[in-house]
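Student: With the input below, show me the fold.
(2 chains)
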Amino acid sequence: MDSSNVPEFTPKHGVPPRLRDYFTGASSFQRQLASVRKQTPFGQTPSRRKIPQCSPLQENIDPQKIAFLLHKQWTLYTLTPMYRFSYTNLKQYSTLLKCFLAAEKQKGLAVEMGEDFNFKVTFSTLSGMKGTHRDPAAFLIQIVSKSQQSSKNAEDKVVWTGWFCCVYGDSLLENVPDDFTCLPLFLANGAESNTALIGTWFQKTFDCRFTRLTISAFNLSWMAAMWTSCNMEHYGTATELLWSVPCSPQSLDISYAINPEDAKALWDGVHQTPEEITQEEVDLFIDCLCSHFHRHFKINLSATRLVCVSTSVASAHTDGKIKILCSKYLIGVLAFLTELAIFQIE
Amino acid sequence: MSTPEADLSLFIPIIQTNPLAWKMRQNASGFAPLNQKYGQNDKEEYNEGDALHRALEHIRTVKEKGAVEERHLQTVEDIAWKSGLAPEDIDTLLDVALSGPFAEAVKTRMLKCLIPATLIPESAVVRAFSRLCASNCSNNTKVLFFRWLIAMFDFIDGKEEMNSLYGFFFSFLQEETMSCYICNFLYLLTKRENVKPFRVRKLLEFQSKVGMQPYLQALLSLYRSFCPDLITISLPPKRKFYFKTTDSIWQAAVCIVKERNQKSPLPSVKLTIGTAYSHPQKKKWNSGCVIPMPTSSHVSKEEQDEEGDSSSLEVMLSGQKSFPLEQLHTFSQLLDNIQDVELPSQMCSVLKSAPLLHYLNCIQDETVWLRLSYWMSQELKEGCTWCKVSNYTSEEEFRKFLDIIISAQCFLQEGFPSSEVFLYKSLPLWDGISCRTEYLQLLSWIPLGNFSEIKPLLCDSLTQLFFTSSIYHKCSVLYSLKQLLENWLLWHAMKVSMKSTLSISADTPMIALNSVSELIYYVGWLSTIALRLEKNSSFLLHFILDFFEMVSDMYLNYNLPLVVIFPRGVFYPALLTSDSIALNRLCYIMYRYRVNLTASKENALIYQERLKFNKTYQEFNEYVTALVDCLWTSTSFEKDHYLYIDPQILEKTKIREYKKSLNLINHPALLPYSINFLLQVKGWPNEKELSLSSIQKKKWNWYLDYLLLEELHGLHLFMESSLDIADSASSAHTHPAHKTPKTCMSEPV
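Tutor: Okay, here's the model as predicted:
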């Protein structure tokens, strides 16, 4: 038996160690406290960011898998570090999770491990889906319902998909001991009830905590600027921004669609520092769009709230839903989302 | 299945918990000695033992069916229900009941009166069980035996041998009529090593036969908690009871017997499963402020290390010993199993379990606190109603959640780092009203750290809120700051006391000293302004004096080499108050300051820092002088005194004898006392009207005694300690104005 499994128990100590002693010095708590000191309560996100780039590691990803992740609407969650998660046990986890799902679906009936059901759960790693080598490997879970026909040709249907990833998560990683696996971003596609069950299982098994990741209007404007700045060979869709007017009984949405080339041209006019985007540039970009709108429709958009941004790179909604459209900037999009997720759990 | 339940009451007499009923029953039965006088207890017991012995002997030697004498059987029953049976008698009776040639009804009667006076020998149970397996007992007898086993499980003196027969007990599951009792019994008996794959399979087979039966679900979930890698089950959230209620008549009988034998009854068997799963899960799966019950880890380390399908079997064979958390409820259970306790799968569940908090307190594992910390900071952020991250939780829920965290902090006598961080982050957004009591309690658990670091995070927002809120808010903030100070002082005192055992850095005491004094200055500053804002409200003043009462005693009570005097903004309002209790407390605090200052003179550290302390002495002396000037010598308005007012202005007030207007007799806070005093000593010859100035000489001393009688102890203590009463015998008759203040002299530098 591994001795590290048993927490060290030291009856010799007359006085129990104080909680604070674990968090003294250079440990995580001090950093956490330091981060509070740095930040205002809402937290100041960095005022400049790099323009999303392709990661060299991205080449390792199976293009089929990338294609699978694109053009799907993902609901975003943040995840605190997972305790004692091990990549070598993915197969076992799939058995455990499958039986858990089966037991939950027929509440009250016990289920033997390894029993066969009309669905299966697969865990697979998404190698290459990372920003640096330090980032832990992303992995994908799928619930596949087996077709009733026994013939091999009958296709299995993917009912639910979810994946965990961490792209450029250095700020979180350096604080966390080895027992923990940091994959702060979780994306789910499929029935909410399945997400709930799987989330519950993860929370129980790896002592982590899922929270919905919502995107503030402030961060949406960053997304708008960052994604507009991306160089695209061809644009799939128009750049569209959605503003919500808070009025009762139903809120009113104002959709603002721009020709992507025009948006890029506007951005190039605003943008100055190479390889970097600054807060001022983002503000200016959005202000320009708003004043243009005001000139034509006499509606002051700055009094409303930005709720949705969609570009050819990706589209994001304030309630934490995202659709990634362009494989080239996949890593860039994920890096920003990881940053937001880390910010939320810290 | 329902028949054994129904006919129980036919044979078991109805027990009343009233002891009187017992006596009446004894008399009615005619078997008990007629004269039940107090002194004859011994004889009675002797007779009883004898009678029982004879009766059992008779029963044992019965050779054929129906030959048992009713008289003897009745004796056994009566004695059993009255005083219980000794272990060896239980052994005999149990053996006879299951093997003897008796009619069904007789066997039943025998089994029903198996009430232990102390304990049941395990060997008797094992023997009885082998009889049960060997002879062909009727189903009714078997059922009754198992029901008895369940009811008496806690009184069996050992479980090891019984456990070695686990397989035999298990095989009884096949008999459907008694399967619910067998499940209940197995639930009590099962240990981790009993859970084997083949048994799991058998149970699942049984499940497919009988369907969702609550008793089976309970057993299965116990199996799951021991071996989550073999089986899994999710229990429906609403159910609370999984087994039929245990035979309460038996339990009541045992209780009464124990009571009669003057032993405290053992705790009855509690089925843990009911509470563990009863909490409603209507909420969203990841909504905030839900604390799960402690459950064993689902994926053990062994599984992590081994790969392949055979792993689970190997885990089984390795016979890993561990104590399931589902069964950990008391401190003594923790002590018995402390080496085998596992950590829960979700660390947050420790918040609800006192034994687990104890356990965490004595293990050294950073990951434990980190797991708790990750969870808690998320939960607090999600739940916080004024930060409005999500709308999942109501204020009421959040309040309850904070309460749980606070009680865990009180239990550990320490604040959680995540709640500290939460406090700093959420304070600027706080409206000062939501969850005030709970939120401010979080504040009092901020760990003792560098105050200059805490100050910008805490004080800026707190000050703003403090000054703009109601007087009640001010008072509760001051109260929390007092709690905070107390916690810091206690931590410091503890650090000092364990300095010898643990090496702490040398600068820790200095940080503590600085932080404590800065906190006191901060509170002094808050108090000064608050008193002005609230027009010297005496309600507020009491909270402030509460704080400084603790401050005045820091040196002696908490061993902190520091004496910080309160600011003028607190002293003078308290001196000029019209509230006698506040004035009395002020005097008491001054008295405690003197005691502490005098004691601290011997302290080496203070001696080194005496330059700094000179200021403290000066401040103290100023206050003593001011106090004595006011209350005794009536010189407070004179030149060079702190309260100096231009005499011309004072003349304009047209107050006669304004000089004396703040002395012990005329002070607004004491005026009622002096008047009342005069009213009481009326009848003084030749006095037609009350004249305050008549309190002099002898009367003055009476007046002082009167003040003491009115519980103004602080005033009295101050007077005794700070007034020069060397010539007390003579000065008693002189005018009070002759007294001089005894100031606390600083050491010459």
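
Student: Using the record's domain definitions, break the chain down for me.
Tutor: Just going to use chain A. In terms of domains, chain A is parsed into A:58-214+A:330-345, A:217-318 (source: automatic domain parsing).

Student: looking at chain B here, not the other one
Tutor: Following the TED database, one finds the domains of chain B at B:48-230, B:670-722.

Student: closest one to B:Ser538 among those domains?
Tutor: Each of those has some distance to B:Ser538 by CB to CB; the shortest is domain B:670-722, at 14.3 Å. Backbone N, C-alpha and C define where each C-beta goes, glycine included.

Student: Ends of that closest one, what's the gap?
Tutor: In domain B:670-722, first residue to last residue: 19 Å (CA to CA, to the nearest Å).

Student: got it, and stretch B:445-457?
Tutor: With CA to CA as the measure, stretch B:445-457 spans 15 Å from end to end.

Student: That stretch vs chain A: in contact?
Tutor: Yes - between stretch B:445-457 and chain A, judged by CB under 8 Å from any CB of the partner chain, the touching residues are B:447, B:453, B:456-457.

Student: Closest to B:Leu334 out of those?
Tutor: Nearest to B:Leu334 among the residues of stretch B:445-457 next to chain A, counting by CB to CB, is B:Pro447 at 26.3 Å.

Student: Write out the residues of the stretch 51-200 of chain A neighbouring chain B.
Tutor: Within reach of chain B by CB under 8 Å from any CB, the stretch 51-200 of chain A has these residues: A:77, A:80-81, A:83-84, A:86, A:88-89, A:91-93, A:96, A:99-100, A:102-104, A:107-114, A:176-177, A:179-180, A:196-197, A:199-200.

Student: And for residue 97, nearest residue in space, chain neighbours not counted?
Tutor: I went with chain A, as the question did not name one. Distances taken as CB to CB, 6 or more residues apart in numbering or on different chains put A:Val121 closest to A:Leu97, at 4.9 Å, once the chain neighbours are dropped.

Student: that's the other chain; I wanted chain B
Tutor: Of all residues not flanking B:Ala97 in the chain, B:Met110 sits nearest, at 3.8 Å (CB to CB, 6+ apart).

Student: Contact partners for the one you found?
Tutor: The neighbourhood of B:Met110, defined by CB atoms under 8 Å, 6 or more residues apart in numbering or on different chains, consists of B:59, B:73, B:76, B:93, B:96-97, B:102.

Student: Narrow these to those in helices?
Tutor: The subset of those located in helices under the criterion DSSP state H comprises B:59, B:73, B:76, B:93, B:96-97.

Student: Specify the local secondary structure of residue 71.
Tutor: Assuming you mean chain A. Of the three states, A:His71 takes coil according to DSSP: H, G, I helix; E, B strand; the rest coil.

Student: nope, chain B
Tutor: On the three-state scheme (three-state DSSP), B:Arg71 is labelled helix.

Student: circling back to that earlier point, type out the ChimeraX command that picks the buried ones from the residues of the stretch 51-200 of chain A next to chain B.
Tutor: This is the ChimeraX syntax for the buried subset of these, where burial follows 16 or more other CB atoms under 10 Å in any protein chain shown:
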select /A:77,80,81,83,84,89,92,93,96,99,100,102,103,104,108,109,110,111,112,113,176,179,180,196,197,199,200
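
Student: Now, the residues of the stretch 51-200 of chain A next to chain B that are in helices?
Tutor: Reading helices off those with DSSP H, I get A:91-93, A:96, A:99-100, A:102-104, A:196-197, A:199-200.

Student: wait, which of the residues you listed is closest to A:Leu140?
Tutor: The shortest distance between A:Leu140 and any of these, using CB to CB, involves A:Tyr93 and amounts to 12.4 Å.

Student: Run a quick check on the closest one versus A:Ser124, I expect a contact.
Tutor: No - with contact taken as CB atoms under 8 Å, A:Tyr93 and A:Ser124 are classed as non-touching, separated by 11.3 Å.

Student: quick one: the strands in chain B?
Tutor: Defined through DSSP state E, the strands belonging to chain B, from first to last, are B:231-232, B:363-364.

Student: Near chain A, which residues of the stretch 101-250 of chain B? Just list them.
Tutor: Counting by CB under 8 Å from any CB, the residues of the stretch 101-250 of chain B lying close to chain A are B:200-201, B:203-204, B:207, B:212, B:217, B:220-221, B:223-224, B:228-236.

Student: buried subset of those?
Tutor: Those of those that meet the buried threshold are B:200, B:203-204, B:207, B:217, B:220-221, B:223-224, B:228-235, by 16+ other CB under 10 Å.

Student: Sort out for me which of those are in helices.
Tutor: The helices in this structure, assigned by DSSP H, contain B:200, B:203-204, B:207, B:217, B:220-221, B:223-224 from those.

Student: which stretches of the stretch 101-250 of chain A have low pLDDT?
Tutor: Scanning the stretch 101-250 of chain A for pLDDT under 70 picks out A:148-154.
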